[in-house]
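> turn this into a structure:
(one chain, ligands or ions: 1)
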Amino acid sequence: MEIQKVIVANMNYKVTNILFLSVFIVLIAVMVFVDLSYFYLIASLILYLGIITWGVVDIRLNFFLPSIQKLENKKQVLLTFDDGPHPVYTPLILDLLDEFNAKAIFFVIGEQVGKSPLLIEEIQSRGHIIGCHTWSHHYLFDIFSVNKMIEEVTKTNQLLEQLTGEKPEYFRPPFGITNPRIAKLVKKTGMKSVAWSFRSFDGSKRKNDTILNAIKKNVNGGEILLFHDNRLRTVELLKLALPILYESYSLDSNDL
Ligand SMILES: [Zn+2]
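Numbers count the residues shown, from 1 in each chain. Prediction:
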């Protein structure tokens, strides 16, 4: 399993297409001359689709585009929050972060920003970075046309720039899904895609103890952690997780 992961991680979309196209051509050519079963062709096709799907769902593979997923400084970890700002939970999280001298990146949804514009100024004034997480976070965003994607990101960035005076530099793809269209979006808007190396699963039914154990066991220096600031659960989880992280790492830089 580990070996397969390494192979796929080093194999991007373009290389995969060239490799499998060559395999398909060779197989079809052989089938013309020899009585070869369709099995090999179908098996190759299934393998190809499997690798593409893996690349789509796991942003950390850098399959379609490069995404930042770790810090160079191994004495630090970086907290990131998606799907806000939320009028109730984001302020609570901001207070908690201050208690532990933590600086984070908030990947905000444009529509939510429109509802709580003052929160953006609050996030900025406390030293955090604001990144773009699309305008709508629509569940079909990943299959929107590239132009529609660019429209969403531009609209969000313009609103953020009006509020903060700064053009957002970082983008987090919704759901962590990537594909050739997301790659074009990131390239055309000149943004930097940010992934994560540790997912908290703060939206899942996992118990806090399970998540805290995973943090103790799997979070090493330089990790980028994924949370969401639009739910009470994250506030409760952070009250327990921040002291653990603070003991071993500094949380005071959001330099990527
Ligand atoms: Zn999201």
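> so where do the helices sit in the chain?
2-9, 13-33, 39-57, 89-99, 110-115, 117-125, 146-164, 180-189, 208-218, 232-248 (DSSP state H).
> quick one: which of those is nearest Q76?
Checking those against Q76 by Cβ to Cβ gives helix 232-248 as the closest, at 10.0 Å. C-beta coordinates here come from the backbone N, C-alpha and C atoms, glycine included.
> and that closest one, what does it pack onto?
Counting by 3 or more Cβ pairs under 8 Å, 6 or more residues apart in numbering; DSSP states H and E, the packing neighbours recorded for helix 232-248 are helix 89-99, helix 208-218, strand 224-228.
> strands paired with the last one, and their directions?
Paired strands of strand 224-228, with direction, are strand 78-84 (parallel), strand 198-199 (parallel) (DSSP bridges).
> what residues sit buried inside that strand?
Applying a neighbour-count criterion of 16 or more other Cβ atoms under 10 Å, one finds I224, L225, L226, F227, H228 buried in strand 224-228.
> measure how buried L118 is and give me the count.
By the other Cβ atoms under 10 Å criterion, the neighbourhood of L118 contains 10 residues.
> ok, now how distant is it from I105?
Distance, L118 to I105, by Cβ to Cβ, to the nearest Å: 19 Å.
> ok, K167 next?
Going from K167 to I105 by Cβ to Cβ gives 15 Å.
> the two - which one has more neighbours?
When neighbours are counted by other Cβ under 10 Å, K167 and I105 differ, and I105 comes out ahead with 22 against 12.
> that one touches H133, doesn't it?
No - at 10.3 Å, I105 does not count as touching H133 under the criterion of Cβ atoms under 8 Å.
> can you pull the residues that touch both of those two?
Both I105 and H133 lack any common contacting residue under the criterion Cβ atoms under 8 Å, 6 or more residues apart in numbering.
> returning to that earlier point: just put the strands paired with strand 224-228 in TSV and tack on distance to the ion.
Listed next are the strands paired with strand 224-228 as TSV, based on distance: least, Cβ to the ion, whole Å:
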stretch	distance to the ion
strand 78-84	4
strand 198-199	12
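> out of these, indicate the one that is most buried.
strand 78-84 (a mean of 26; mean count of other Cβ atoms under 10 Å).
> what does it contact?
With Cβ under 8 Å, 6+ apart as the contact definition, strand 78-84 has outside contacts at 71, 90, 93, 97, 102, 104-109, 112, 119, 131, 133, 137, 172, 194, 196, 223-230, 234, 251, 253-254, 256.
> out of the residues you listed, which end up buried?
When burial is judged by neighbour count using 16+ other Cβ under 10 Å, the buried members of the contacts of strand 78-84 are 71, 90, 93, 97, 102, 104-109, 112, 119, 131, 133, 137, 172, 194, 196, 223-230, 234, 251, 254, 256.
> count the neighbours of V23 for me.
A count of neighbours around V23, defined by other Cβ under 10 Å, yields 16.
> kindly report the same for the one 3 residues further on.
As a burial measure, the neighbour count of V26 was computed by other Cβ under 10 Å and equals 12.
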